[in-house]
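**Student:** Kindly generate the corresponding structure for this input.
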Amino acid sequence: MGGDLEEWCPSLGSFDIQVHPNPLHHHGSFHWADDPDATLGSRYFEVRDGKIISVVQRPQDGAIFKEPMIDYGEAVIMPGLVDVHAHLDEPGRAEWEGFATGTRAAAAGGITTLIDMPLNSFPTTTTEEALQLKVEAAQAKIYVDVGFWGGLVPENAFNATALDGLLKAGVLGLKSFMCPSGIADFPMTNTSHIKEALPILARYRRPLLVHAEIQPDQSESGSEKRPQHNMDDPRSYSTYLKTRPPSWEEAAIRELSMVAEDTRENGLAQGGHLHIVHLSDARVSLDIIKEAKRNGASLTVETCPHYLAFAAEEIQSGDTRFKCAPPIREEANRKILWEALKEGHIDMLSSDHSPSVPELKLLDEGDFLRAWGGISSLQFVLPATWSYGREHGIALDQLASWWSTRPAKLAGQEFKGAIAKGNDADIVVWDPDIDFTLDENYNIYHKHPVTPYMGKQMHGKVLATFVRGNLVYREGEHAPAACGIPILAK
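**Tutor:** Below is the predicted model of the structure:
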């Protein structure tokens, strides 16, 4: 497409896109509305006023295109990614990450919608007033559309009026922790809090997202226990791995599976939905989830690219860039996660982009027990999933399902997540055959370029990102105006 950057926003107006087939890429280079059996051939879709108004096989199928045509040749065109788990930390901790930097990174990574977690900003999003501060902080800064999860904490869990107010104010659902969150003003919940909130969420048809780890004899300290044996080296990743064993996830998910019984037909919370975030344990925890689904519970689960890309055995001493919670587990576990994802037992992917200022990662000291736990990845989730998924034979329609269709449904975004007539024109154009090495010369748009993907060779380059028909990113350049809007539930 020709033209200067200044022509990009606030809108490109009306335009058409032609997509050519490419037999090397599954069923073609255009992901056809989540249909892996679509017929190979050139396709066209027409965008007007930010919406897709027609999608056809050939112009003679009924569409008469009068608008300027954008022809991306054999590039892959997919619905924009929907990331339901990102921490943008504003207001209050914009030095960790912010709406401007975070959404610029998202746009460069093909993400067109992200849902912001209720922590680590300050104040946390547990009240109507805090949500309003979030919305105000996002105005005129966001390059992609941004929705907001609210927080379920002991202070509001038994207060139906407070939860009603927060949901009516527009949060897309609630998030809680079953272990210390590491943030003092976001205390953990237990199953009594969750059971109390589920019927309220059911009335609004909005989900409850849960960080599912239960620490034996857990306290609100928010820090890992020091190993009891003096020989255990805090710089060793194996030491950290011992402090958060799979049994923590198993215990939490077992309790959640019992709570999830209320979401079944004729249950106390029928219409409610539980969603387990960032699953790490692929063994007993996954078996419990599968059984709960078979029994009719309304339950979904996500995992993250870093659990699929990395294994505990390869993490070097002191490399705290890899610290997250739950932790990255062993290679055997990683392989099972991939199989579960491909078989549909894991429903979707998210980034869990959880940055901090570099000092909190203790990069020089390398103490896994004291370093901040969080992985920065927002800009790289598409190439990371593709790069590490190719060895597992993943296909483009699976990518679109994991990253677009299913997350959009979880967040209640019926007009996002698929290239279909009537949907928002949220589109990512990318070339899966372009390789690059993520190094100091690569343009990283996160607030801080601290990521375990640094130094890795990646496959798949984002060429362009459209948000509601606005071309917000094109090959290393962003639109001069932030075109995203805050998303509030109605």
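
**Student:** any idea which element residue 381 lies in?
**Tutor:** Element membership of residue 381 [criterion: DSSP states H and E] is helix 381-389.

**Student:** Quick one: mean pLDDT for that helix?
**Tutor:** Helix 381-389 shows a mean pLDDT of 97.

**Student:** The helix or strand just after it packs against which elements?
**Tutor:** Using DSSP H and E, the helix or strand that directly follows helix 381-389 along the chain is helix 396-400. With contacts taken as 3 or more CB pairs under 8 Å, 6 or more residues apart in numbering; DSSP states H and E, helix 396-400 sits against strand 76-79, helix 381-389. The way it works is simple: take the backbone N, C-alpha and C, and place the C-beta from them, glycine included.

**Student:** Please look at residue 267 and residue 261 and confirm they touch.
**Tutor:** Yes. Here residue 267 reaches residue 261: they are 6.3 Å apart, a contact under CB atoms under 8 Å.

**Student:** Quick one: end-to-end length of stretch 184-195, please.
**Tutor:** Using CA to CA, to the nearest Å, one end of stretch 184-195 lies 23 Å from the other.

**Student:** quick revisit: residue 267 and residue 261: which has the busier surroundings?
**Tutor:** For residue 267 versus residue 261, the count of surrounding residues by other CB atoms under 10 Å is larger for residue 267: 18 against 15.

**Student:** Might you report the residue contacts of that one?
**Tutor:** residue 261 (CB atoms under 8 Å, 6 or more residues apart in numbering).

**Student:** my read: residue 141 touches residue 94, true?
**Tutor:** No. Assessed by CB under 8 Å, residue 141 is found out of contact with residue 94, at 9.9 Å.

**Student:** For the stretch 301-450 of the chain, just list every one of the strands.
**Tutor:** Ranges of strands in the stretch 301-450 of the chain, per DSSP state E, counting those that start in this stretch, are 348-349, 427-437.

**Student:** Residue 297 is nearest to which of those?
**Tutor:** Proximity to residue 297 (CB to CB) singles out strand 348-349 among the strands of the stretch 301-450 of the chain, at 16.7 Å.

**Student:** So which elements touch that closest one?
**Tutor:** Contacts defined by 3+ CB pairs under 8 Å, 6+ apart place strand 348-349 against strand 299-303, helix 406-410.

**Student:** check contacts around residue 78.
**Tutor:** By CB under 8 Å, 6+ apart, the contact set of residue 78 is 31, 110, 396, 399-400, 404, 419, 427-428, 430.

**Student:** Likewise for residue 289?
**Tutor:** Neighbours of residue 289 in contact, by CB under 8 Å, 6+ apart: 253, 257, 276, 279, 299, 301, 345.

**Student:** do that again at 6 Å, thanks
**Tutor:** Shown in contact with residue 289 (CB atoms under 6 Å, 6 or more residues apart in numbering): residue 301.

**Student:** quick one on the thing from earlier: generate TSV for the contacts of residue 78, with neighbour count as supplementary columns.
**Tutor:** Shown next, in TSV, are those (neighbours: other CB atoms under 10 Å):
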residue	neighbour count
31	29
110	30
396	21
399	23
400	25
404	29
419	25
427	25
428	28
430	23
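
**Student:** I'd like to know which of these is nearest to residue 410.
**Tutor:** Closest to residue 410 out of the contacts of residue 78 is residue 404 (11.3 Å), distances taken as CB to CB.

**Student:** Looks like that closest one contacts residue 417 (just checking).
**Tutor:** Yes. Using CB atoms under 6 Å, residue 404 is in contact with residue 417, at 4.5 Å.

**Student:** Need the residues touching each of these two.
**Tutor:** 79, 82.

**Student:** on that earlier part again, and among the helices and strands packed on helix 396-400, the most buried is which?
**Tutor:** strand 76-79 (a mean of 26; mean count of other CB atoms under 10 Å).

**Student:** where in this protein is pLDDT low?
**Tutor:** 1-43, 57-68, 218-231 (pLDDT under 70).

**Student:** ok, 80 please
**Tutor:** Residue ranges of the chain with pLDDT under 80: 1-44, 56-71, 73, 217-231.

**Student:** ok so, going back, want to throw the helices and strands packed on helix 396-400 into TSV with distance to residue 157?
**Tutor:** Converted to TSV, the helices and strands packed on helix 396-400 look like this (distance: least, CB to CB, whole Å):
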stretch	distance to residue 157
strand 76-79	35
helix 381-389	32
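
**Student:** all strands for the stretch 51-200 of the chain, in order.
**Tutor:** With DSSP E, counting those that start in this stretch as the criterion, the stretch 51-200 of the chain has strands at 51-56, 69-71, 76-79, 81-86, 111-116, 145-148, 150-151, 174-177.

**Student:** so can I have TSV of the ones you listed showing distance to residue 232?
**Tutor:** Converted to TSV, the strands of the stretch 51-200 of the chain look like this (distance: least, CB to CB, whole Å):
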stretch	distance to residue 232
strand 51-56	56
strand 69-71	57
strand 76-79	45
strand 81-86	31
strand 111-116	36
strand 145-148	40
strand 150-151	34
strand 174-177	26
